[in-house]
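Colleague: need a structure here:
(chains A and B)
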Amino acid sequence: MRDRTLIATKDHVIIMDASVGVGAEISSIDFGAFHSTLKHMYSIGFLMEGRIQTFNGSAPNWKKGNLAEGPVLNNNVNLNRGGAAASEKMVGFQVMPRLGGVGKRSTFGLWLATKDEIDFLMQNPEASLTIATGCDLNIYRNLDTFDYELEDETIENQGE
Amino acid sequence: MASVTTTFDPKSLVIANIMNAGETINYDWSIDEMYQIILTKGTVIFNGNSHEAISVIDIPAGSELAIEATIDSSFLTLLRSDNQSVVNQIMPPDGSYNYYDFMQSYRPDWYGEGVPPIPPATIVTGVGDILVTSDELKSMVLDGWA
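Modeller: Okay, here's the model as predicted:
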């Protein structure tokens, strides 16, 4: 399972991810055919603890990327990409520019922000604010094919 | 063992700082506007105040950063690489290099469809008190992905 916290700082939006379980999906972005019309998505990652296996391209033909082991700083520029935990526990951060993000719900996870939070950030351009916590994701990936895998708990829940 | 590394893209300049308990990381540069760090792990002392992770700490304008870890800690320094004034204060242009222009125009092969190499090659390390100089940042920016 992956837990996510978003923090807006003066100049950046920070996403903190913490996961438990090998294969836990940290993030996955697949713009597919729209990729060529979009710009780069700048993001600097800091894997503080654990390992992440990255993947690039587009489903169902994801390509294996890097196996990163923390602590390490890394750049994430590609639009179509993802990452899954390759260790039992993982803690990582993504740093993205705040300019162009605040006020646009479709940008960089600010879809989690409420209207009041976005209004506050727009009216207070140097303010820091924890936007959202506990954005849980319970998806697991096969670390070779990057296909989805269901955990036992997920299967049990589906039967309830 | 403390370690410091940095990387950038055309929007952001981020410095990762990792310390063991009792170690201190100092910068020998300052800028004329407030910037921020995010404490990602541990507990540190800054300006006489204790801060616990996860927290955002304001570094006042004109202040040279000095952070002491009371337990094993790490923090990210958050700067804008698209702010020419800030970049020129941290890494003044010298010789043929203008670091702001370099960061704005840097487009390695792995931008787009490629996969970046990891980790960045150049890391400043030390035991105890370590000083991160403007010259060391320049080297990391120019050579970090070499």
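Colleague: okay, CA-based contacts and neighbour counts for the rest of this
Modeller: Noted.
Colleague: who in chain A is up against chain B?
Modeller: For chain A, the residues found near chain B under the criterion Cα under 8 Å from any Cα of the partner chain are A:9-12, A:40, A:42-44, A:46, A:56-57, A:65-66, A:68, A:72-79, A:96-97, A:128.
Colleague: pretty sure A:P125 is in contact with A:H12, am I right?
Modeller: No: applying Cα atoms under 8 Å as the test, A:P125 and A:H12 come out as separate, 10.7 Å apart.
Colleague: neighbour-wise, which of those two wins?
Modeller: A:H12 (23 against 15; other Cα atoms under 10 Å in any protein chain shown).
Colleague: if I pick the more buried one, what's in contact with it?
Modeller: Contacts for A:H12 (Cα atoms under 8 Å, 6 or more residues apart in numbering or on different chains) come out as A:V95, A:M96, A:P97, A:R98, A:L99, B:L78.
Colleague: In the sheet, which residues pair with the second one? Tell me.
Modeller: Which is A:M96. Using DSSP bridges, the beta-bridge partners of A:M96 come out as A:V13.
Colleague: In contact with it, which residues?
Modeller: A:H12, A:V13, A:I14, A:Y42, A:S43, A:I44, A:F108, B:S12.
Colleague: And it, how close does it get to B:D9?
Modeller: Going from A:M96 to B:D9 by Cα to Cα, to the nearest Å gives 10 Å.
Colleague: one step back: now for the contacts of A:M96: which two are most distant?
Modeller: Greatest spatial distance in these: A:F108 and B:S12, 14.7 Å, computed using Cα to Cα.
Colleague: ok, back up a step: determine the residues that are contacts of both of A:M96 and B:D9.
Modeller: A:Y42, A:S43, A:I44.
Colleague: Can you list the residue ranges for helices in chain A?
Modeller: For chain A, the helices defined by DSSP state H occupy A:115-123, A:152-158.
Colleague: chain center to the first one, what's the gap?
Modeller: In terms of Cα atoms, centre = their mean, to the nearest Å, the centre of helix A:115-123 is found 22 Å from the chain centre.
Colleague: Please export the C-alpha coordinates of it as PDB.
Modeller: Taking Å, rounded to 0.1, in the frame of the first residue of the first chain, the C-alpha atoms of helix A:115-123 are listed here in PDB:
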ATOM      1  CA  LYS A 115     -11.200  25.000  -3.700                       C
ATOM      2  CA  ASP A 116     -10.500  26.700  -0.400                       C
ATOM      3  CA  GLU A 117      -6.900  25.400  -0.400                       C
ATOM      4  CA  ILE A 118      -6.300  26.400  -3.900                       C
ATOM      5  CA  ASP A 119      -7.700  29.900  -3.200                       C
ATOM      6  CA  PHE A 120      -5.500  30.200  -0.100                       C
ATOM      7  CA  LEU A 121      -2.400  29.200  -2.100                       C
ATOM      8  CA  MET A 122      -3.200  31.600  -4.900                       C
ATOM      9  CA  GLN A 123      -3.800  34.500  -2.500                       C
END
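Colleague: elements contacting that helix?
Modeller: Helices and strands touching helix A:115-123, by 3 or more Cα pairs under 8 Å, 6 or more residues apart in numbering or on different chains; DSSP states H and E: there are none.
Colleague: what ranges do the helices span in chain B?
Modeller: Read by DSSP H, chain B holds these helices, from start to end of the chain: B:84-90, B:99-105, B:134-143.
Colleague: Please identify the buried residues of the last one?
Modeller: Within helix B:134-143, the residues that qualify as buried by neighbour count (16 or more other Cα atoms under 10 Å in any protein chain shown) are B:S134, B:E136, B:L137, B:K138, B:M140, B:V141, B:L142.
Colleague: could you measure the fourth one against B:Y97, distance?
Modeller: Spelled out, it's B:K138. Taken as Cα to Cα, the span from B:K138 to B:Y97 is 10 Å.
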